[in-house]
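1. Next come a sequence and a model predicted from it.
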Amino acid sequence: MKILRGVYEGPGSHGILRVAASMSGVHAVLRAYPSEWYFPALHGACTRTGEPAPITLSPIPEGAGGSWTPGNLARDLSGIARRRPEAETLIFARSEAALLSGEGAPILALPENPETGRSPKLVTCEWESPGIREVEAADLGLADLVKAHAQKGPKSPAPTVNLFGPPIFGPKAAAEYAEVERALGLIGVGVNARAPLGATVADLSHLPRAWANVVLYREAAESASLYLQDEFGMPRVTTPPVGSVGTGAVLRAVGELCSLDPKWVRRAVWAELARTAKLPWYARLAVPETFRGRRVALFGDLTYTTGLGYTLAREIGLEVAWAGTYLTHLEKDFLFHAGAFTDEAFVEDDPEAVVARVEETAPDLLVGTHLEREVAAALDVSFLPLCPPIFEYPFVERPLMGYVGSTVLADALEDVLREPRGPREKPETTARAPEWTEEALEELEEIPAFLRGRARRLAEEHARTLDSPEVTPEILEESRS
Amino acid sequence: MLGRRLRRQERSPRKITGETLTILNESGAPDVVSPLHGLSSLAERLPDTLLVVAGTRADVHLAQSLSVPLPGTPLDPAEQSGNGLSVHPRVVFVVLEPDEKPSGGALASRVIEAAAGFRRTELVLLVACRSAALLGFDVEFEAELAGRRLDLPVRPLAPDVGGSGVLYTDLEDSAIRALVELCPRGVSGSGEERSYSKGSLLGKFPFRGRTGRRTTTETGVRRPVVLLGALPGPQEELAAELARAGVEVAGDLPGAADRLPPLDDGTIVAVVDPYLVAASRAAEDRGATVVRSLLPIGVGGTARFVQDVSTLAGSGASEAGHARRVWESLEPLRSRIRGKRIFFTGDTGLEIPLARFLVDAGAVVLEVGTPRLDRRFLAPELSALGEDVDVVESPEWRAQLERVDTVRPDVVVASPGLYVPLVARGHLCRSSLDLLSLGVHGYEGARRILELFARTFERAEKLDTLNL
């Protein structure tokens, strides 16, 4: 039992719903209490496309419901099967409260849809448990959908790959797929299917036609791509195509798997470096002093945190003070990859602990999720919200992957690194930080740890507005009312 | 007409035909955003109150991810603490792990720890999510324990444990109910002392609610009136209307926790929001007289409300003349919504009085959805609703999308989940949460409602003239 300011991940059911809502032809049935219904509102806020979320609530019945009340799970499932011709596959998710209430997954045959004459497939996520959180559930859910549909078939005549990227609500998700698809097109490799975002049920069954799987977002496709590797012998490329180095590595790996002429691949890469990828160009244009001694801290998921960490450390030459992730189930993976560019890699799922690290380190640049935004603003640290979860859904999505993505990153870096810094600003911040009197410090110690950081920042801010050189217990108290 | 439309549905609705009005029960799953979304705005409305939410990570995720601006709701600078993405600072989450054994007192300790971080806390509301009960926590007991040790009232709320149908406003209802239960009893009330009355809340200010305006109970004729519900602005406006009719308001809930009005069998409780069912029941259990009248929403509703409250309170001035003048002053606005066809998908519980007012003002209300309907509590409202209005209890949201497409209303008051899909299908929409935060009560509220719709139509007409 812990006091938390927020969470980075939702429950497992949320991950399954995200995967289902990413595809067409897949309809999710959420077994939950009506008070756990928020996905459609979030879906509307994030996608703004106007398609209602392909989700049906099967409410857990309570009290004496009438005979017509929904809630009989078998009947709700059959009802969707009959009434929703577009639902070729139903995926069954249980909310955390439903899991805690101890209800099992249903085993039943679904009736035929009168329009299509077929009965939909039912995918039940038997592995669901309250301990499995959003990202892991998205990965397992996608794997279950792939297992249910993938069928052996002839390979495509020309080289193609499948793209496994982030599910819906991923930041810039659609743009990431599009940019990698564009880059692959330059070396003459087509895309057989995208999954999960934009996949149809037919796409899922045709997955084995591709020559290889390119995993853009391992968090969501590790299990599915491993299954395809084991079952269909499909090789996979797992380097995140972040930065020019990462993208080049992906293109070369795909070229090799598709037996392309390495010279041809190299020419395509060089052409892109000359035309599109401005990150290396930016790194060379700027004087070394722009980056020297600047420390960056990163916190987020696996792909973006390690991909960006590697890019910022190697391609730009920033010092990575630390890198962390909230994905506790990927701890080993993360520590292995982050070890390549930082001495301090960690796993932490309490936002306040991350805030404490930021305060301790005071990096020149913080790359993080939306939960780090507040501390960055309070400490006046340059901040780039580039790791999910981020609540930013612009109408025009710009990718962070591929060569165009590297250019977007160069622009973002130029913006935050151009500001004056170093000797002038640094002492000023420390000089500006007011001293704490003994009594005030004692008071501060009484505040519970999870609120202490915030209270300290508020008190120092208040002392500054009062032009007081020190923080007294009075100032501390006033700042907290 | 609706009956025919509904018949295509597999489950035929049960039809309850009263004297004037048809209520259909569609027995579907309505689109209602979880009541936990209201945590931040509740914290905003309850100063000096700490909201401790006991739930799993799933519940925290729910409360947190819905603090993004929902579709159709304007950015409210007051709610944008920091970056607008975090919940209110006076909302604290105690996260329960699913494999945890609920040992007695553990939750109470966390509540105490959380409360220590806040000064000037007069009241702690312990919001127990359903998961807390499923994990076996005895929230009543933990709240009691924390209250004893903090020397502060700590009240448990269980906003989502109940019968059928969830309303978006259930959290607010349960919070106001907790406030009602905390109100001190007046002199005439029983001498029952509460265990924490030596604490700051009850001991300090037993009679301070709106001291200046309080009516004296000694006269024996006039009884103190307590308003239940409404935002602070409309509360003031309603109090002013009642004062004009010779009734003084002794206090209102929700309000500052250190100024709760006395509430007992001498008190008249005037409920102003249609969804405060549990709160009004709690007031009745206290022995207070709950006014049975129309809700003070819209001109007619406010007039009836003021009239009935003043009659009960022993003043009894007629409101008819005043109401007529208000109607006249609203005529220019009325003409802009006359004949407009309005559809309520229904998620807040505010729909029925709004529909009643809009029909009075000349609009045509095609359907009023409501996830749950307390017929007894809303009896005056239901009988005042025009007979051409279809009330659909527990509507199925997909069926509603189809019905909206069929009847093509001029404007849809939509729940957040349906807002974007409906706009994408070419319907003009207003978010139901917008109306909730508008301040719909009283004569001024009536003006605000009409202005909101007039603005909506005006903008849509302007956009429609563009040659795209």
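-> On my side now, so go ahead. Numbers count the residues shown, from 1 in each chain, chains lettered A, B, ... in the order given.

2. Please identify which helix or strand holds the residue sitting nearest the centre point of chain A.
-> Centroid-nearest residue in chain A, with C-alpha atoms, centre = their mean: A:P388, separated by 3.8 Å. A:P388 belongs to no helix or strand when assigned by DSSP states H and E.

3. hang on, isn't it packed against A:T305?
-> No - applying C-beta atoms under 8 Å, one finds A:P388 not in contact with A:T305, separated by 9.9 Å. Just so you know, the C-beta spots here come from the backbone N, C-alpha and C atoms, and that holds for glycine as well.

4. What residues does the residue of chain B found nearest chain A make contact with?
-> In chain B, no residue comes nearer to chain A than B:A424, which is 2.1 Å away by C-beta to the nearest C-beta. By C-beta atoms under 8 Å, 6 or more residues apart in numbering or on different chains, the contact set of B:A424 is A:T49, A:G50, A:E51.

5. From B:S65, how far out is the closest residue to the second one other than its chain neighbours?
-> Looking back up the chat, that one is A:G50. Closest residue to A:G50 apart from its sequence neighbours, by C-beta to C-beta, 6 or more residues apart in numbering or on different chains: B:A424 at 2.1 Å. Using C-beta to C-beta, to the nearest Å, B:A424 is found at 22 Å from B:S65.

6. Show me the domain layout of the chain.
-> In the absence of a named chain, chain A is used. For chain A, automatic domain parsing gives the domain ranges A:12-132, A:160-275, A:280-422, A:433-479.

7. switch to chain B, that's the one I care about
-> Under the assignment automatic domain parsing, the domains of chain B span B:2-30+B:331-464, B:35-164, B:206-322.

8. Now tell me which helix or strand of the chain has the poorest mean pLDDT.
-> Here I'm looking at chain A. Least confident element among the helices and strands of chain A, by mean pLDDT, DSSP states H and E: helix A:425-432 (a mean of 46).

9. nope, chain B please
-> The weakest-scoring helix or strand in chain B, judged by mean pLDDT, DSSP H and E, is helix B:200-204 (a mean of 41).

10. elements contacting the helix or strand hosting B:L50?
-> B:L50 is part of strand B:49-55, with elements assigned from DSSP H and E. Packed against strand B:49-55 by the contact rule (3 or more C-beta pairs under 8 Å, 6 or more residues apart in numbering or on different chains; DSSP states H and E) you find helix B:39-45, helix B:57-65, strand B:91-95, helix B:106-116, strand B:123-128, helix B:130-134.

11. For A:P171, find the nearest of these.
-> Of all the helices and strands packed on strand B:49-55, it is helix B:57-65 that lies closest to A:P171, at 14.0 Å by C-beta to C-beta.

12. Report the angle between the closest one and strand B:49-55.
-> Our comparison of helix B:57-65 with strand B:49-55, counting by axes from the mean of the first three to the mean of the last three C-alpha atoms, to 10 degrees, yields an angle of 140 degrees.

13. what's next to helix B:57-65, contact-wise?
-> Applying C-beta under 8 Å, 6+ apart, the contact partners of helix B:57-65 are A:4, A:6-7, A:9-11, A:13-14, A:36, A:38, A:42, A:95-97, A:133-134, A:389, A:391, B:34, B:36-37, B:39, B:53, B:86-87, B:91, B:93, B:95, B:129, B:131.

14. which parts of whichever helix in chain B runs longest are buried?
-> In chain B, assigned by DSSP state H, the helix with the most residues is helix B:442-464. By neighbour count, and taking 16 or more other C-beta atoms under 10 Å in any protein chain shown as the criterion, the buried residues in helix B:442-464 are B:G442, B:Y443, B:E444, B:G445, B:A446, B:R448, B:I449, B:L450, B:L452, B:F453, B:A454, B:T456.

15. Out of those, which are close to chain A?
-> Checking the buried residues of helix B:442-464 against chain A by C-beta under 8 Å from any C-beta of the partner chain, not one of them is in range.

16. What ranges in the chain fall below the confidence cut-off?
-> You didn't say which chain, so I picked chain A. Flagging of chain A using pLDDT under 70 yields the residue ranges A:63-70, A:107, A:419-433, A:450, A:480-481.

17. try chain B instead
-> By pLDDT under 70, the low-scoring segments of chain B are B:1-20, B:68, B:74-86, B:161-163, B:187-221.

18. at 50 what do you get?
-> Scanning chain B with the threshold set as pLDDT under 50 gives B:1-14, B:77-84, B:188-220.

19. Now do stretch A:243-260: everything it contacts.
-> By C-beta under 8 Å, 6+ apart, the residues outside stretch A:243-260 that reach it are A:159, A:161, A:180, A:183-184, A:186-189, A:211-212, A:214, A:235, A:237, A:239-241, A:261-262, A:264-265, A:268-269, A:273, A:277, A:279-280, A:307-308, A:310-311, A:314-315, A:401-403, A:405-406, A:409.

20. List only buried entries from these.
-> If you count burial by 16+ other C-beta under 10 Å, the buried members of the contacts of stretch A:243-260 come out as A:159, A:161, A:180, A:183-184, A:186-187, A:189, A:211-212, A:214, A:235, A:237, A:239-241, A:265, A:268-269, A:273, A:277, A:279-280, A:307-308, A:310-311, A:314-315, A:401-403, A:405-406, A:409.

21. helix, strand or coil for A:F341?
-> coil (DSSP: H, G, I helix; E, B strand; the rest coil).

22. can you pull the contacts of the spatially closest residue to it that is not a sequence neighbour?
-> Nearest residue to A:F341, sequence neighbours excluded (C-beta to C-beta, 6+ apart): A:A313, at 3.8 Å. With contacts defined as C-beta under 8 Å, 6+ apart, A:A313 is in contact with A:E319, A:V320, A:F341, A:T342.

23. Go ahead and confirm A:P167 touches A:A138.
-> Yes - counting by C-beta under 8 Å, A:P167 does reach A:A138; the two are 5.6 Å apart.

24. So for these two, which residues contact both of them?
-> Residues touching both A:P167 and A:A138 (C-beta under 8 Å, 6+ apart) are A:G15, A:R18, A:V19, A:A220.

25. Throw those residues into JSON lines and include secondary structure and distance to B:E284, thanks.
-> Formatted as JSON lines, those follow (DSSP: H, G, I helix; E, B strand; the rest coil; distance: C-beta to C-beta, whole Å):
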{"residue": "A:G15", "secondary structure": "helix", "distance to B:E284": "45"}
{"residue": "A:R18", "secondary structure": "helix", "distance to B:E284": "45"}
{"residue": "A:V19", "secondary structure": "helix", "distance to B:E284": "49"}
{"residue": "A:A220", "secondary structure": "helix", "distance to B:E284": "53"}
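
26. ok, and the most crowded of these?
-> Neighbour counts for the shared contacts of A:P167 and A:A138, by other C-beta atoms under 10 Å in any protein chain shown, peak at A:A220, which reaches 33 neighbours.

27. check contacts around it.
-> Residues counted as contacts of A:A220 (C-beta under 8 Å, 6+ apart) are A:V19, A:V135, A:A138, A:D139, A:L142, A:F164, A:G165, A:P166, A:P167, A:P196.

28. quick one, what contacts the nearest residue to it once chain neighbours are set aside?
-> Nearest residue to A:A220, sequence neighbours excluded (C-beta to C-beta, 6+ apart): A:A138, at 4.9 Å. Residues in contact with A:A138 (C-beta under 8 Å, 6+ apart) are A:G15, A:I16, A:R18, A:V19, A:P167, A:E219, A:A220.

29. check contacts around the first one.
-> With contacts defined as C-beta under 8 Å, 6+ apart, A:G15 is in contact with A:E9, A:R133, A:E134, A:V135, A:E136, A:A137, A:A138, A:D139, A:G141, A:P167.

30. Assign whichever residue of chain A sits closest to chain B to helix, strand or coil.
-> Across chain A, the shortest distance to chain B (C-beta to the nearest C-beta) belongs to A:G50, at 2.1 Å. Three-state call for A:G50 (three-state DSSP): coil.

31. burial of it, as a residue count?
-> Neighbourhood size, A:G50 [other C-beta under 10 Å]: 14.

32. Surely B:G117 is in contact with A:G453?
-> No - applying C-beta under 8 Å, one finds B:G117 not in contact with A:G453, separated by 11.3 Å.

33. that older thread, please identify the helix or strand for the residue nearest to A:A220.
-> Assigned by DSSP H and E, A:A138 falls within helix A:134-149.
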